[in-house]
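Trainee: sharing a sequence plus its predicted fold:
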Amino acid sequence: MRIAYIGLGAMGRPMAANLAARFDTRVWNRTASVAEQHAREHGSTAVTDLTDLADVDVVCSCLPTTVEVEAVARVLAPALGEGTVWLDHTSGDPQQARDLAAYLGSEGVDYLDAPVSGGTRGAEAGALTVMVGGDGDALGEVAAVLDVVAGRVVHVGPSGAGMAVKAVNNALLAASLWAAAEGFAALEQAGVPTSVALEVVNASSGRSNATENLFPERVVTRAFPNTFALSLLAKDVGLARATLDAGGVEAPILHLVDRLTADAVEALGGDVDHTELVRMVERAAGVELR
Ligand code: NDP
């Protein structure tokens with residue numbers, strides 16, 4: 001099976017590395033030197049011209065938003081063979097994903113929205129959770145590819161459904177980060193260090209991925225390793241808000257989380273790690289969560 005991988009960012013690099021260990025994998029990246037380095041380090045083949053990917057069986061993409069995926073697809077899709085499957089791991093916009101599926105379908109290409117969860121660690125381990133929207137037969141054709149990158153694959157519904165699930169998942173992540181930061185700030189004020197509070201919460205019913213992993217590894221250590229940009233989390237919460245609004249669901253909590261996260265991007269810049277949003281709570285409360 002010949003695979004193309006488009007977008008060698010924090011997630012794409014390790015996913016494409018795992019694929020290159022199993023399949024003939026060609027890689028394209030906007031900054032070409034990144035693809036060349038990937039080829040040297042992982043045995044993939046770097047291409048500089050998108051149309052050099054024309055004869056692959058599967059196209060994988062992992063770009064910031066659906067807008068960038070569509071721009072690439074407009075160049076590449078006319079050159080692709082009938083029946084090629086496009087597996088889009090971008091956390092994208094559900095409606096734009098449906099439109100892209102229709103466009104690619106008109107070129108004979110089956111598009112699956114297949115965003116991922118599990119972070120760079122999950123990508124390196126080939127243990128991502130993949131939520132797929134689109135045609136079940138096309139999904140069956142890429143089972144061997146997903147087997148390499150995923151620990152769990154869930155076919156969540158028709159085109160766009162994978163993007164919607166990912167957006168809501170990440171809105172829940174943001175909500176738990178904000179809520180935990182507020183709670184721990186109050187406990188710091190009351191004389192309980194965050195590291196001590198975490199010992200209790202993580203053995204109790206208030207625990208979450210934020211308290212079990214993100215606070216101990218990134219916040220309390222003050223390391224804030226930059227693996228998932230705050231701007232990307234804000235993008236996802238915005239997409240969740242659009243999904244809620246489209247469904248006519250009143251969502252005061254997630255609307256607030258959306259506004260707070262957008263404000264954090266304004267104040268801190270979008271390039272910092274997403275967990276740095278806790279600094280907003282720290283600043284307002286005059287404490288540091290340690
Ligand atoms: P990065 O910012 O690390 O990488 C972005 C990639 O997109 C780079 O390869 C970049 O190329 C490329 N790119 C940016 N703009 C364009 C453009 N206009 N045209 C073509 N290529 C472009 O992002 P991540 O890998 O962190 O995230 C990618 C997707 O995965 C996002 O949708 C994100 O929300 C999602 N995601 C991220 C997770 C994480 O933990 N990081 C976890 C789960 C999902 P260049 O090298 O030239 O800049």
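Mentor: Arrived safely, thanks for sending.
Trainee: what parts of the stretch 151-290 of the chain come near the ligand?
Mentor: 227-229, 232 (CB under 6 Å from any ligand atom). (C-beta placed from N, C-alpha, C; glycine too.)
Trainee: apply 5 Å and report the result again.
Mentor: 228, 232 (CB under 5 Å from any ligand atom).
Trainee: for the residue in the stretch 151-290 of the chain that the ligand sits nearest to, grab phi and psi.
Mentor: As assessed by CB to the nearest ligand atom, the ligand sits closest to residue 228 within the stretch 151-290 of the chain, at 3.4 Å. With angles defined as degrees, to the nearest 10, residue 228 sits at phi -150, psi 110.
Trainee: so residue 162, which state does it fall into?
Mentor: The three-state assignment at residue 162 reads helix, by DSSP: H, G, I helix; E, B strand; the rest coil.
Trainee: check contacts around it.
Mentor: 97, 112-115, 130-134, 156 (CB atoms under 8 Å, 6 or more residues apart in numbering).
Trainee: not counting residues beside it along the chain, what's closest to it?
Mentor: Excluding its sequence neighbours, the residue lying closest to residue 162 (CB to CB, 6 or more residues apart in numbering) is residue 133, at 3.6 Å.
Trainee: and the one you found, how far from residue 103?
Mentor: 16 Å (CB to CB, to the nearest Å).
Trainee: looking at those two, which is more packed in?
Mentor: The neighbour comparison of residue 133 against residue 103 (other CB atoms under 10 Å) goes to residue 133, with 27 against 15.
Trainee: backbone phi and psi for the more buried one, please?
Mentor: Phi and psi for residue 133, reported as degrees, to the nearest 10, are phi -110, psi 140.
Trainee: isn't it right up against residue 163?
Mentor: Yes. Judged on CB atoms under 8 Å, residue 133 makes contact with residue 163 at a distance of 6.5 Å.
Trainee: shared neighbours, these two?
Mentor: 94, 97, 113.
Trainee: mind listing which of the residues you listed are in helices?
Mentor: 94, 97 (DSSP state H).
Trainee: which of the shared contacts of residue 133 and residue 163 are buried, as a ChimeraX select command?
Mentor: Buried subset of those, written as a ChimeraX selection, criterion 16 or more other CB atoms under 10 Å:
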select :94,97,113
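Trainee: and the helices in the stretch 151-290 of the chain, which stretches?
Mentor: Taking DSSP state H, counting those that start in this stretch as the test, the helices found in the stretch 151-290 of the chain are 161-189, 194-201, 209, 230-246, 252-268, 278-285.
Trainee: just put these in JSON lines and tack on mean pLDDT.
Mentor: Below are these laid out as JSON lines (pLDDT from 0 to 100):
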{"stretch": "helix 161-189", "mean pLDDT": "98"}
{"stretch": "helix 194-201", "mean pLDDT": "98"}
{"stretch": "helix 209", "mean pLDDT": "97"}
{"stretch": "helix 230-246", "mean pLDDT": "97"}
{"stretch": "helix 252-268", "mean pLDDT": "98"}
{"stretch": "helix 278-285", "mean pLDDT": "98"}
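Trainee: nearest to residue 12, of the ones you listed?
Mentor: Closest of the helices of the stretch 151-290 of the chain to residue 12 is helix 230-246, at 13.0 Å (criterion: CB to CB).
Trainee: quick check: buried residues in the closest one?
Mentor: Buried residues in helix 230-246 (16+ other CB under 10 Å): 230-244.
Trainee: surely residue 169 meets residue 91?
Mentor: No. In this structure residue 169 lies outside contact range of residue 91 using CB under 8 Å: 9.1 Å.
Trainee: fine, thanks again, bye for now.
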